[in-house]
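In: with the sequence up front, the predicted model follows.
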Amino acid sequence: MILRQELLTDAANAKCQSILGTEYLSSVATWADEVKHEAAWKWSGKLHYINTPDWACNFNYMRDCSDAECVAGAITNYTSILAGGKADTNLTQEALKFLIHFAGDIHQPLHVAFDSDEGGNTEKGLYIPLNNTGTLHGIWDYDIIQQKEQEFDNNWINYARYLLKNIDENDANVWAKCKTQQDPSCPNEWGNETAPLACKYSYVDVDGSIIKTGFSLGNDYYNRSLPIVEEQLQRGGVRLAATLNHLFDHKSQTSKRVSF
């Protein structure tokens, strides 16, 4: 996810800082991933993704998240908590931290992907550019990003600034709005936008073959996948900022401050 503070209004940024205290939005972005491995937070693991039927290539809330225990349901829940403004300090802080993380997860194609392989987590092989043996899911979560970061001295902040600078303003203003509602937070739309990307790009090699365990993916796969990864990072950042501006700055318009 790109630098969120750069896309927030002053009022929204101040409110976020008042909730987080000494922490920053960028510094808590991985909190939800860190705590899900702790016994007290294991319940949150299922909130990071959406499992869809194989090759359905869409997201249907009633089919895929009927118990609301998926990333789309989590975004709706934590946005509601923040909008209500009545939760105690700890729950409010947790809601913001979860929202920050999940707004990124729902834009990662393999977080809205096949049930049978757990979003590419059981497909294992070699990512040649980094000489890394791991999962297909991990390539999209980490490897492609880390490979690109090498151009920025492996500095994530510099890479994030590059992503921010290269957001097209017209695209950003479209991304910051929902098609079916005035509220800029519409995780059902986002999930249904992300799912086809997994089918078209994540699970299919450049030669058209389906990627399965034992894969060996190289720079041609990276070059095709990188623009998708980067645009999804940008979309997630813009949409999170629009949501937080809507929640915490009632004088703002959802498209405001997406300026460059």
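Out: Sure thing, it's come through.
In: now the helices for the stretch 101-250 of the chain?
Out: 136-138, 144-149, 156-165, 169-175, 187-197, 219-248 (DSSP state H, counting those that start in this stretch).
In: could you dump the ones you listed to a markdown table with mean neighbour count, mean pLDDT and distance to Lys86?
Out: (Each C-beta comes from the backbone N, C-alpha and C, glycine too.) Formatted as a markdown table, the helices of the stretch 101-250 of the chain follow (neighbours: other Cβ atoms under 10 Å; pLDDT from 0 to 100; distance: least, Cβ to Cβ, whole Å):
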| stretch | mean neighbour count | mean pLDDT | distance to Lys86 |
| --- | --- | --- | --- |
| helix 136-138 | 23 | 98 | 37 |
| helix 144-149 | 18 | 98 | 37 |
| helix 156-165 | 15 | 94 | 33 |
| helix 169-175 | 16 | 96 | 30 |
| helix 187-197 | 21 | 98 | 22 |
| helix 219-248 | 21 | 97 | 13 |
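In: how about these in CSV, adding distance to Gly85?
Out: Output for those, formatted as CSV (distance: least, Cβ to Cβ, whole Å):
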stretch, distance to Gly85
helix 136-138, 36
helix 144-149, 35
helix 156-165, 29
helix 169-175, 26
helix 187-197, 20
helix 219-248, 9
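In: mind pulling up the pLDDT for the most centrally placed residue in the chain?
Out: The centroid of the chain falls nearest to Gly104 when counting by Cα atoms, centre = their mean (1.6 Å). As predicted, Gly104 sits at a pLDDT of 97.
In: now do the contacts for it.
Out: Counting by Cβ atoms under 8 Å, 6 or more residues apart in numbering, Gly104 makes contact with Met1, Ala29, Leu233, Gly236, Leu240.
In: look up how far Leu136 lies from the second one.
Out: Between Ala29 and Leu136 the computed distance is 23 Å (Cβ to Cβ, to the nearest Å).
In: equivalent analysis for Asp220, please.
Out: Taking Cβ to Cβ, one finds Asp220 at 16 Å from Leu136.
In: please save the CA atoms from stretch 78-89 in PDB.
Out: Coordinates of each C-alpha in stretch 78-89 appear next as PDB, following Å, rounded to 0.1, in the frame of the first residue of the first chain:
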ATOM      1  CA  TYR A  78     -14.400  -2.100  10.900                       C
ATOM      2  CA  THR A  79     -15.600   0.800   8.800                       C
ATOM      3  CA  SER A  80     -18.900   0.700  10.700                       C
ATOM      4  CA  ILE A  81     -17.100   0.700  14.000                       C
ATOM      5  CA  LEU A  82     -15.100   3.800  13.100                       C
ATOM      6  CA  ALA A  83     -18.100   5.500  11.700                       C
ATOM      7  CA  GLY A  84     -20.100   4.900  14.800                       C
ATOM      8  CA  GLY A  85     -17.600   6.700  17.000                       C
ATOM      9  CA  LYS A  86     -18.800   5.000  20.100                       C
ATOM     10  CA  ALA A  87     -16.300   2.200  20.500                       C
ATOM     11  CA  ASP A  88     -13.700   2.300  23.300                       C
ATOM     12  CA  THR A  89     -10.100   3.400  22.600                       C
END
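In: go through that stretch and flag the buried ones.
Out: Tyr78, Thr79, Ile81, Leu82 (16 or more other Cβ atoms under 10 Å).
In: what's the closest of the helices of the stretch 101-250 of the chain to Glu6?
Out: Within these, the stretch nearest Glu6 is helix 156-165; the backing value is 5.5 Å (Cβ to Cβ).
In: mind checking the helices of the stretch 101-250 of the chain for the one nearest to Gly45?
Out: Here helix 136-138 is closest among the helices of the stretch 101-250 of the chain (Cβ to Cβ), at 13.7 Å.
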